[in-house]
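Participant: quick one: sequence plus predicted model below, questions after.
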Amino acid sequence: MKIDVCFSPALYPVYHNPEAIVVVVDVFRATTTMAAAFKNGVRSIRPVATVEEAKEYKEKGWLVGAERNVKRCDFADFGNSPFDYTPEMVSGKDVVFTTTNGTRAIMIAKSAYRVITGAFVNLQAVADYCLFHGRDVVVLCSGWQDKVNIEDTLFGGALVEVLVKTGKYEPATDAAVIARDMWTNNKENLTAYLDPTDHMARLKANHLEDAVPYCLTPDSAIVVPELTIEGETLVLKKVITI
């Protein structure tokens, strides 16, 4: 089996494999936040593409998480921080969620064999899911407005390393090798490596960098959010058994 890393949603058409598992990643912060919400008991998350859709759900009485350009939308119950989705707020609840990059990437990948969301906080659970299903894997980095970012690429490299070490996977293309090399060369000091990056600057400018240590803590939320399609509605639910 093979694992590949797609550095940007804009590149996804050339990586699309209808028989593959697509792992959508947005380390800072959407897929980290989703994992945290499921860890804290959320029943389901409906990813939507636009703020307008999220507002419509809010008007119907749904709980809504909404973020654009790292900032929480003023009408929303939650932003895009893993700390927003506490057990008291989300346990047993359904949440609608829209973000600048992560939810859009989920929409783009929806026709794959399986779509799940990954981040450092659920890295091993994601690897176990891929091994259980025994399919090729494409890591889809959400990036930033179709541009490549470092943090999502690092996650891709981490997953490549974990799966290749099992002896059951091999890198599919140079992209997977590049991502793995970035990860292996910098995994001992991720915070320092990521400090000068574009997204870190955005978080700092908006006083949101408090979530960074959580986002970079491996296996702190041992869950796998998996996409289902109910009619025309996209719904993420936690995989109960892998």
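Facilitator: Sure thing, it's come through.
Participant: which regions of the chain sit below the pLDDT cut-off?
Facilitator: Scanning the chain for pLDDT under 70 picks out 241-242.
Participant: could you redo the last one with a cut-off of 90?
Facilitator: The model of the chain has pLDDT under 90 over residues 232, 240-242.
Participant: mind giving me the packing neighbours of the longest helix belonging to the chain?
Facilitator: Identified as the longest helix of the chain according to DSSP state H is helix 150-165. Where contact means 3 or more C-beta pairs under 8 Å, 6 or more residues apart in numbering; DSSP states H and E, helix 150-165 is packed against strand 2-6, strand 21-25, helix 123-133, strand 137-141, strand 170-171, helix 174-186, helix 190-194. Just so you know, the C-beta spots here come from the backbone N, C-alpha and C atoms, and that holds for glycine as well.
Participant: packing partners of the fifth one?
Facilitator: Packing contacts for strand 170-171, counted by 3+ C-beta pairs under 8 Å, 6+ apart, involve strand 2-6, helix 150-165.
Participant: for it, which strands pair with it and how are they oriented?
Facilitator: Here strand 170-171 is paired, per DSSP bridges, with strand 2-6 (parallel).
Participant: can you tell me the element L236 falls in?
Facilitator: strand 233-238 (DSSP states H and E).
Participant: phi first, then psi, for the nearest residue to A10 once chain neighbours are set aside.
Facilitator: Leaving aside its sequence neighbours, A10 sits nearest to D146 (C-beta to C-beta, 6 or more residues apart in numbering; 4.2 Å). When read as degrees, to the nearest 10, the backbone of D146 gives phi 70, psi 0.
Participant: how near is D146 to A54?
Facilitator: 21 Å (C-beta to C-beta, to the nearest Å).
Participant: give me the more crowded residue out of the two.
Facilitator: Looking at D146 and A54 with other C-beta atoms under 10 Å, you find the greater number of neighbours at A54, namely 27 against 13.
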